[in-house]
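# Model the structure of this input:
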Amino acid sequence: MTRLLWFISDNARACLIVGLLAGLALPGLAATMQPWLPEMVAVLLTITALRIGHRAAMGALSDLRWGLGSVAVLQLMLPVALFMLCWICGLAEAPAVTAMVLATAAPAISGSPNLALLLGQNAGRMMQILVLGTATFPLTVLPVLWLMPHLGTPAAITSAALTLLVVIAVATIIGFSLRQLFFPAPSERQIKALDGLSVLAFSAIVVGLMAALNPALRSDPGSVALWALLAFAISYGAQIFAYLILRRSPLAHVAGPLAIGAGNRNIALFLVALPPEVLAPLMVFVGCWQLPMYLTPILLRWLYKAGP
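So this is what the prediction gives:
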């Protein structure tokens, strides 16, 4: 088993591609796994916390200043600015605009620390951004809901955000406790095995996330292509812009994690609270949204490898 995990760690990016292809090529498996996504995310968070350890995840109090400012820009100012621009252009009601606003208003995905590990970035900092963004999401999302009341009630989406926060907190505590109990001072081989376990869990989740995309790809591939193009533009545009700006700023030491968080958002958080009439036209986008995120370690490796 250990050798298998080492092999997966050595071939992490290939494993992500295998997960994407399995989600597309095996619709039956994807449909079977879809109901288990919440539990799979919780397991992934536990494994990630086990890999990172509490020492790497705990930041100094000074982190709170840049962390809150970053969350305000990424989760509040950016989606509001996008909506206002589209409103001025008379496009505020378009499904694509709704998708853009939701994608930029959400906090970082639960698997963002795994992306940080794969890209050679500070996973502890990424965990801080994930937790802080999720904790403040019930507040940052309120102006967005006020601008777009058709999305759903603030109470429903706030409840979903709080539930996710509890899941993250419990999974993180379990992971940190297991690390302290079994791997207080892990060797390089143990770290590599934990990396492989983390990649395996991250690759498995995408199979269930792709469940909605396969039928649409068969019935209307042109529409899927347009939604995928939008997803890549939002995700990679945000990452490239954020990283190029931040790496020359006083926040250069967290440019990588912030850029990863900027372009890899947990839009699924909205899906548990949105009314069906809003949700239906966005499901293909949600499936397409997984493509740039899972391909980030491959297609954007050049960006993060460049360094500050």
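
# what is the mean pLDDT for the helix or strand harbouring Ile173?
Taking DSSP states H and E as the criterion, Ile173 maps to helix 154-182. For helix 154-182, the mean per-residue pLDDT is 79.

# Over to stretch 237-257?
Mean pLDDT, stretch 237-257: 92.

# what's in contact with it?
Stretch 237-257 has contacts (CB atoms under 8 Å, 6 or more residues apart in numbering) with 66, 70, 78, 104, 112, 116, 119, 121-122, 125-126, 128-129, 258-260, 262-264, 296, 300, 303-304, 306-308. No exception for glycine: its C-beta is placed from N, CA and C like everyone else's.

# Show the buried residues in those residues.
Neighbour-count burial (16 or more other CB atoms under 10 Å) is assigned, among the contacts of stretch 237-257, to 66, 70, 78, 104, 112, 116, 119, 121-122, 125-126, 128-129, 258-260, 262-264, 296, 300, 303-304.

# and the spatially most central residue of the chain, what does it touch?
The structure's the chain has its C-alpha centroid closest to Ile109; by CA atoms, centre = their mean the separation is 2.1 Å. By CB under 8 Å, 6+ apart, the residues touching Ile109 are Leu115, Leu130, Asn264, Arg265, Asn266, Met293.

# which of those residues lies closest to Trp146?
Arg265 (19.8 Å; CB to CB).

# Would you enumerate the residues in contact with the nearest residue to the closest one once chain neighbours are set aside?
Ranked by CB to CB, 6 or more residues apart in numbering and with sequence neighbours excluded, the top spatial neighbour of Arg265 is Ala106, at 4.0 Å. Counting by CB under 8 Å, 6+ apart, Ala106 makes contact with Gln75, Phe137, Arg265, Asn266, Ile267, Leu269, Phe270.

# any low-confidence regions in this protein?
55-64, 150-152, 157, 160-161, 164, 271-280, 306-308 (pLDDT under 70).

# Count residues in the vicinity of Ser219, would you?
9 (other CB atoms under 10 Å).

# To clarify, my last question referred to Gly124.
Residues contacting Gly124 under the criterion other CB under 10 Å number 18.

# and Pro79, how many neighbours?
Neighbour count for Pro79, taken as other CB under 10 Å: 24.

# That one and Ala99 touch, don't they?
No: with contact defined as CB atoms under 8 Å, Pro79 does not count as touching Ala99 (11.2 Å).

# Go ahead and list the helix or strand containing the closest residue to Trp289 other than its chain neighbours.
The spatially closest residue to Trp289, leaving aside those adjacent along the chain, is Ala231, at 4.8 Å (CB to CB, 6+ apart). Taking DSSP H and E as the criterion, Ala231 maps to helix 221-246.

# helix or strand right after that helix?
Using DSSP H and E, the helix or strand that directly follows helix 221-246 along the chain is helix 255-263.

# Next, the angle from that following helix to helix 221-246.
Put simply, helix 255-263 runs at 150 degrees to helix 221-246, going by axes from the mean of the first three to the mean of the last three CA atoms, to 10 degrees.

# ok, then the element right after helix 255-263?
helix 268-271.

# Okay, buried residues for that following helix please.
Ala268, Leu269, Phe270.

# what helices or strands is that helix leaning on?
Identification of packing neighbours for helix 268-271 by 3 or more CB pairs under 8 Å, 6 or more residues apart in numbering; DSSP states H and E yields helix 154-182.

# what's the closest of the contacts of Ile109 to Gly53?
Leu130 (15.4 Å).

# What residue, apart from its backbone neighbours, is nearest that closest one spatially?
Using CB to CB, 6+ apart, the nearest residue to Leu130 is Ala108, at 4.8 Å.

# And the one you found, how far from Gly263?
Ala108 sits 9 Å away from Gly263, going by CB to CB, to the nearest Å.

# cool, Gln34 as well?
Distance, Gln34 to Gly263, by CB to CB: 24 Å.

# cool, and Ala12?
Going from Ala12 to Gly263 by CB to CB gives 19 Å.

# Then Ile47?
23 Å.

# One more: His54?
For His54, the distance to Gly263 equals 27 Å [CB to CB].

# Same check on Ser249?
From Ser249 to Gly263 the distance is 17 Å (CB to CB).

# just to revisit the earlier point, wait, which of the buried residues of helix 268-271 is closest to Thr158?
Nearest to Thr158 among those, counting by CB to CB, is Leu269 at 10.7 Å.

# That closest one contacts Ala108, doesn't it?
No: the pair Leu269 / Ala108 is not scored as a contact, 10.6 Å apart, by CB under 8 Å.

# what sits in contact with each of those two?
By CB under 8 Å, 6+ apart, no residue touches both Leu269 and Ala108.

# any idea how far stretch 127-135 is from the chain center?
Its chain's C-alpha centre and that of stretch 127-135 lie 11 Å apart, by CA atoms, centre = their mean, to the nearest Å.
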